[in-house]
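[1] Sequence and predicted structure, then a few things I'm wondering about:
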Amino acid sequence: MSSPQTAAPANQDDGNTASDNPDIRQQVDQGRGFLKKLQLVIPGLRGYRSKEDIRVSDDLLRNQVADKIDLSKSNLESVRKQMVLASDFTNLNTVGSLISQFQQFSGEIRHSQQGYSGFAATFSFDDARLNKLYEYDYDFVNAAIALVANTSPPKLSYDPTNAASIQPQLQQLQALVSDFKLKWSQRIEAVENILQAK
């Protein structure tokens, strides 16, 4: 007679044990390959399985990153205008230097020779090497996303009554710019290493 009563709490056990298990979203995220992660942040990215896919995907990725750099530059230009209106020239050199770097990044990324177009004929589509390329691309895209986030309010906000308050934010932004440069050079180096591999 007691068995019907003991069968009822099965749903309760499911709820209790769920809290003891790791977050399934984290497991799913960890299980995704870098291509799938890239496709979440750059919809339409095909991957690098064929010569045409390489050309189209590389072009799409670089243009998306350049757009993010242009947005970061625009955000900084708004901050610079606020500084000029407040007749505050304390941080203008730093902001102006960052704007110049973003302009250079955007042009270099958008108009440089297509990273993957030249090695399709010699590139053997080895999964391990492809995944490494996708990992570099994913890091590169995320570095650009971080620049947008850190040039947008509230991460970067200017208070004309306290000009010095923006300096820690600008220092953080300069560190992110250095990280972005590193990710861009790592991506280029990864491609060159594959080109040299036999």
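    On my side now, so go ahead.
[2] What separation do you get for residue 130 and residue 53?
    11 Å (C-beta to C-beta, to the nearest Å). C-beta: built from backbone N, CA, C; applies to glycine.
[3] So for those two, which sits in the more crowded spot?
    residue 130 (19 against 15; other C-beta atoms under 10 Å).
[4] any idea which helix or strand carries that one?
    If you go by DSSP states H and E, residue 130 is part of helix 127-151.
[5] now that helix: mean pLDDT?
    Averaged over helix 127-151, pLDDT sits at 91.
[6] what's that helix in contact with?
    33-35, 37-38, 41-42, 47-48, 61, 64-65, 68-69, 71-72, 75-76, 79, 102, 155-156, 169, 172-173, 176-177, 179-180, 183-184, 186-187, 190-191, 194, 197 (C-beta atoms under 8 Å, 6 or more residues apart in numbering).
[7] Only the buried subset of the residues you listed, as a PyMOL command please.
    Applied in PyMOL, the following selects the buried portion of these according to 16 or more other C-beta atoms under 10 Å:
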select buried, resi 34+35+37+38+42+47+48+61+64+65+68+69+71+72+75+76+79+102+156+169+173+176+177+180+183+184+187+190+191+194
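[8] Next step: the contacts of helix 127-151 restricted to helices.
    Counting by DSSP state H, the contacts of helix 127-151 place 34-35, 37-38, 41, 61, 64-65, 68-69, 71-72, 75-76, 79, 102, 169, 172-173, 176-177, 179-180, 183-184, 186-187, 190-191, 194 in helices.
[9] between residue 130 and residue 53, what contacts are shared?
    Contacts common to residue 130 and residue 53, judged by C-beta under 8 Å, 6+ apart, are residue 47.
[10] From residue 148, how far out is residue 74?
    10 Å.
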